[in-house]
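[1] just coords:
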């Protein structure tokens, strides 16, 4: 739409951010008939036209390898993003190892959902009440049962493959919700055989990838009963999505819409309602308030003109990514809110969390010299290992309190930048005919295992406004503070030991260093890109930012729908929970509009 | 040489090499093609050595380093190695990955040009590798002349192997060959990337993916049988 038109329109809701949380908010609110304006800090992005689906590494600079400008490689679906965004710095309180938080951002429509790993695991019953279980961290103000219907709905809407296994704290979806998982690859079955002996469950992974087309005739009615608009846009959207054709990396995005991205699954149908307008290149600086202390819009910088502008609405949803959301709140200072908007508790910015990450690789002789066969599959795991030592942990048998799941890979994937780069050392210096034969022999025989574990929120991991620096839009930047506890470090060491055992059980040998010191095993904070917390929900306005509806305690027309409301960060990858929680929050917002409370 | 031809860009030229090499699998032939390309790059008007500048803009990409046009890739930096350096790399790449009955040698799929692109890139690691590669080439040429009184490019296979055996692995190389071994290791890493990311390299190891299929078949019965997973 022309730039100025939106200033004349009246909007019910203004949403900051277009990723998982913002996209889901737009979907639910626009289909409910509310007039929605969305602001996105990055550029517009169209996966249908822009995704390099079958393009080969050799056609890209540096064979598609990682650079500071494209850290996940040339073809990665990240625009103007990565660990650093040009002109948008952030600072660290300490540069010591283990005390840094690396902040990944993507400045594009759909945000990080364009490249994410698609791993879609539900938090379980324990995960919502961790403090009640072991006395550490904090409980959520809601239970698994309260969110379960929204997990079902989110999975049905975006399409998730997987199975119900009835395992402890690894919830089943309702019948008929999940799509069938793809068949396992050879190395996945070999890992399962090893894990069976170790008592580690290996089950089909849950990924937001369409293993078959969605049932567009029945799902829309289930998701939006008594809502013709919601049903029709959902039906058309589902009809437009193809099933996975088992090729091309999901991290590039998907032009056939077989995997979930906000830009293919949420935003187009939300736009189709006629109730959503989107302004891109709009970097939000602060949420503004009226005299009564209610949110009435946002100040943002139009990146194209570099001018500050104002957009108004009757309510504001912030979903800019956890830390960016807190940055906006902390920068929204006023007489009524001298410490930042909705920050009477002083908790905004606090209890920042990421996922614990540590991993090792191995080489499996049994997988050498295999006949050529296609292992591309869904480009990510077909199987994974959920946490399995709940009882041992509760008994105190382990020196860390929370669990991790195992992600793994390997096999005959497409050679990219760095292909066979380790072969020189592995063969003790082979070259010539010997090197070529070694590459043929060992191709497909390497595996890797990565732990993804729960981090317990702590007082020393947080972000605040760095008073000494602004970004190129004149907005004060964030400074990060970070500290692991013994629970995370010991967990990381346990990961290494466990993976070495799995590799050993596969008859293989570990090819990387197995660390017994967790501080050496653990990856930097932020590196797993599961940034959550900093504006947690709770039952008490004194120690939480949001009430159990993700509504600000202090500003009743302000809501957060990204990872910021998270009270804990279970080992389950957060995106699915962000979306389920956003849906639940937006149902409440719609209800509040109906009751004229907003 | 017309300006139009120099603007062909080195990546398009690379494609030309790749197709030519596939049709004429004679290493000497493609070397000549490669050297012609290098000559083009030395024409001052051709810098920076970009490609596809005239490609139609099909996406919303701004064409900046953090927002490149993914469908029309451009290498935006100048190539640093000169023709004589590339000639030595051609010889060394083909020692590391020689042609055999299954696939061509590394230089015929342009490995030396990938190495040039890599060490010419404007990033800290790459800049350090440029020093390693340039210094290594000087050393290799010197070593070749000390031992055999001629350029490495002129050596026969046993002569090349005599030098390469001394630098094939840093952990076993004698102290006087450590720098050479580090150079060799870097060239090996870059050569394997260059080779195995081409269709020829992928076919060599049996990568058969990147093609759409109606359903994913899982592991073939023969594979499961070999792994004892078929019961």
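    Great, that's in hand. It should be emphasised that the depicted structure is a prediction, and the values quoted were computed from it without experimental measurement.
[2] show me where the chain dips below the pLDDT cut-off.
    Since no chain was named, I'll use chain A. Residue ranges of chain A with pLDDT under 70: A:1-6.
[3] right idea, wrong chain: chain B
    B:1-59.
[4] try it again at 50.
    When residues are selected by pLDDT under 50, those of chain B lie in B:1-50, B:53.
[5] and the lengthiest helix in it, what does it pack against?
    Secondary structure assigned by DSSP state H gives helix B:124-148 as the longest helix of chain B. In terms of contacts (3 or more C-beta pairs under 8 Å, 6 or more residues apart in numbering or on different chains; DSSP states H and E), helix B:124-148 is packed against helix B:83-96, helix B:111-120, helix B:157-167, helix B:178-196. Using the backbone N, CA and C atoms, a C-beta is placed for each residue, glycine as well.
[6] list the contacts of the third one.
    By that I understand helix B:157-167. Where contact means C-beta atoms under 8 Å, 6 or more residues apart in numbering or on different chains, the residues beyond helix B:157-167 that reach it are A:431-432, B:91-92, B:95, B:140, B:143-144, B:147-148, B:152, B:155, B:173-174, B:177, B:180-181, B:183-184.
[7] and if you look at the second one?
    Applying C-beta under 8 Å, 6+ apart, the external contacts of helix B:111-120 come out as A:61-63, B:10, B:14, B:17, B:34, B:37, B:75, B:77-81, B:86, B:89-90, B:93, B:97, B:106, B:126, B:129-130, B:132-134, B:187, B:190-191, B:193-195.
[8] returning to what we had before: list the buried residues for the longest helix of chain B?
    B:126, B:129-130, B:132-134, B:136-137, B:140-141, B:143-144, B:148 (16 or more other C-beta atoms under 10 Å in any protein chain shown).
[9] which ones are touching residue 70?
    Defaulting to chain A. By C-beta under 8 Å, 6+ apart, the contact set of residue A:70 is A:76, A:78, A:82, B:65, B:66, B:68.
[10] let's do chain B instead
    A:50, A:51, A:52, A:55, A:60, A:74, A:75, A:252, B:59, B:61.
[11] now do residue A:275
    So residue A:275 contacts A:29, A:30, A:31, A:33, A:34, A:35, A:36 (C-beta under 8 Å, 6+ apart).
[12] touching, the second one and residue A:266? I think so.
    This means residue A:30. No: the criterion here is C-beta atoms under 8 Å, and residue A:30 misses it with residue A:266 at 9.8 Å.
[13] mutual contacts of those two, please.
    Shared contacts of residue A:30 and residue A:266 (C-beta under 8 Å, 6+ apart): none.
[14] residues near the closest residue to residue A:454 other than its chain neighbours, how many?
    Distance criterion C-beta to C-beta, 6 or more residues apart in numbering or on different chains; nearest residue to residue A:454, sequence neighbours excluded, is residue A:402 at 3.7 Å. By the criterion of other C-beta atoms under 10 Å in any protein chain shown, residue A:402 has 27 neighbours.
[15] measure residue A:402 to chain B for me?
    33 Å (C-beta to the nearest C-beta, to the nearest Å).
[16] and that residue, how far from residue A:152?
    Relative to residue A:152, residue A:402 is positioned 26 Å away (C-beta to C-beta, to the nearest Å).
[17] what does residue A:89 give?
    41 Å.
[18] quick one, which of these two is more surrounded?
    Legend: neighbour count by other C-beta under 10 Å for residue A:89 and residue A:152, higher for residue A:152 (20 against 15).
[19] now the more buried one. Its backbone dihedrals?
    phi -60, psi -50 (degrees, to the nearest 10).
[20] that one contacts residue A:177, doesn't it?
    Yes: counting by C-beta under 8 Å, residue A:152 does reach residue A:177; the two are 5.2 Å apart.
[21] mutual contacts of these two, please.
    By C-beta under 8 Å, 6+ apart, no residue touches both residue A:152 and residue A:177.
[22] the contacts of residue A:275 in strands, which ones?
    Per DSSP state E, strands hold the following members of these: residue A:36.
[23] dump the contacts of residue A:275 to JSON lines, plus distance to residue A:104.
    Output for the contacts of residue A:275, formatted as JSON lines (distance: C-beta to C-beta, whole Å):
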{"residue": "A:29", "distance to residue A:104": "27"}
{"residue": "A:30", "distance to residue A:104": "28"}
{"residue": "A:31", "distance to residue A:104": "30"}
{"residue": "A:33", "distance to residue A:104": "35"}
{"residue": "A:34", "distance to residue A:104": "31"}
{"residue": "A:35", "distance to residue A:104": "32"}
{"residue": "A:36", "distance to residue A:104": "27"}
